[in-house]
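S.K.: build the 3D model from these lines:
(chains A, B, C and D)
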There are 2 protein chains.
Amino acid sequence: MVPTHDPQLLKGVLSLLLLRLLAERESYGYEVVQRLRELGLSDIGEGSVYPALARLEREGRLQGRLVASRSGPARKYYRPTPAGSQALSEGTESWLSLAAVVHPVLVRRLPDPSTTTLPTATEDT
Amino acid sequence: MVPTHDPQLLKGVLSLLLLRLLAERESYGYEVVQRLRELGLSDIGEGSVYPALARLEREGRLQGRLVASRSGPARKYYRPTPAGSQALSEGTESWLSLAAVVHPVLVRRLPDPSTTTLPTATEDT
DNA sequence: TCGAGTACCTGGCATAGTCAAGTAGTAGGC
DNA sequence: GCCTACTACTTGACTATGCCAGGTACTCGA
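M.R.: Now for the predicted structure:
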């Protein structure tokens, strides 16, 4: 099984993913959830996506429009505004630079603990 | 200019980094802040690190001990407990699998918007 | 009419990073 | 003795944001 994802790790990343997916293709909430799940975020919920979309629209990063559907209620299609596109590129840069710090640290080999010396009361750097 | 880091992106990642750095070498808060800054997290503050360390200790993932210093107040050295080591490996796995989803999406080329068709009122999937 | 699938929204909650301020110890200069 | 700077830790209030649970409502087929 896929390891249970830590909700905290998604913070900030979700809105980035939303901006990105909507920059690739205009889409509505319900579909975005499906697209996220297809990407591998299997346990993402509507309760995470809809509020995030609403917030991004409120902040002027997304612009939505209602389109009637023949298979259910009207869909609200979102696409990034210019401000949204800028937020996307800035956010992408932030994420990449953070990942560039985090990744190498997490994958480098742990030193053998038995060879390390421990600080004692009187030692000082 | 380095892009201002989004505080949200650090959520969850910070405790992972702390566990990792302390698994590599026992260390105290003030020093951990310096180690993080050397890694490139230049605008990390003490107010983020100390509470995180305290929380990890409270949760039984870190164990701390006081060591007197000749250059200031006593230092509180932390090292991971067995539970902390397990949290580290689980967290690392979570982070890697999330990054494996996020990274490709963020770096793939955006399709040319002019070639895409927009949904209209009567279309349906 | 009833259930299932589609589609959206909301309130309340928990988590965790940030800011600002405070407390103390050591050491050097005057 | 006093002041400043560096070291070192702590705390309270604030904020952002994902998650859960529940609700509304439309379409379609049995």
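S.K.: what helix or strand is A:Ser89 on?
M.R.: Here A:Ser89 sits within helix A:82-107, counting by DSSP states H and E.
S.K.: neighbours of A:Arg58, how many?
M.R.: By other CB atoms under 10 Å in any protein chain shown, 9 other residues sit near A:Arg58. Backbone N, C-alpha and C define where each C-beta goes, glycine included.
S.K.: look up how far A:Ser15 lies from it.
M.R.: 12 Å (CB to CB, to the nearest Å).
S.K.: and the helix holding A:Ser89 with chain B, contact?
M.R.: Yes. Remark: helix A:82-107 sits within contact range of chain B at A:90-103, A:105-107, by CB under 8 Å from any CB of the partner chain.
S.K.: please see if that helix touches DNA strand C.
M.R.: No. Judged by CB under 7 Å from any atom of the strand, helix A:82-107 stays clear of DNA strand C, getting no closer than 10.7 Å.
S.K.: and that helix with helix B:82-107, angle?
M.R.: On the basis of axes from the mean of the first three to the mean of the last three CA atoms, to 10 degrees, helix A:82-107 is oriented at 140 degrees to helix B:82-107.
S.K.: by contact count, what packs against helix A:82-107?
M.R.: helix A:13-24, helix B:13-24, helix B:82-107 (3 or more CB pairs under 8 Å, 6 or more residues apart in numbering or on different chains; DSSP states H and E).
S.K.: buried ones among the residues of helix A:82-107 next to chain B?
M.R.: Buried residues within those, defined by neighbour count using 16 or more other CB atoms under 10 Å in any protein chain shown: A:91-92, A:94-95, A:97-99, A:101-102, A:105-106.
S.K.: what residues does chain A put near DNA strand C?
M.R.: Residues of chain A lying close to DNA strand C (CB under 7 Å from any atom of the strand) are A:6, A:8, A:28-31, A:46-47, A:50-51, A:53-54, A:69, A:71-76.
S.K.: mind giving me the PyMOL command for buried ones among those?
M.R.: This is the PyMOL syntax for the buried subset of these, where burial follows 16+ other CB under 10 Å:
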select buried, chain A and resi 6+8+28+29+53+69+75+76
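S.K.: please flag which of the residues of chain A next to DNA strand C sit within strands.
M.R.: Those of those mapping onto strands are A:28, A:75-76, per DSSP state E.
S.K.: low pLDDT regions in chain A?
M.R.: For chain A, the stretches flagged by pLDDT under 70 are A:1-4, A:116-118, A:120-125.
S.K.: still on that earlier bit, can you tell me which of the residues of chain A next to DNA strand C are up against chain B?
M.R.: A:6, A:8, A:69, A:71, A:75.
S.K.: against A:Ser71, how distant is A:Ser85?
M.R.: 30 Å.
S.K.: brain fart, A:Pro111
M.R.: To A:Ser71, A:Pro111 is 58 Å away according to CB to CB.
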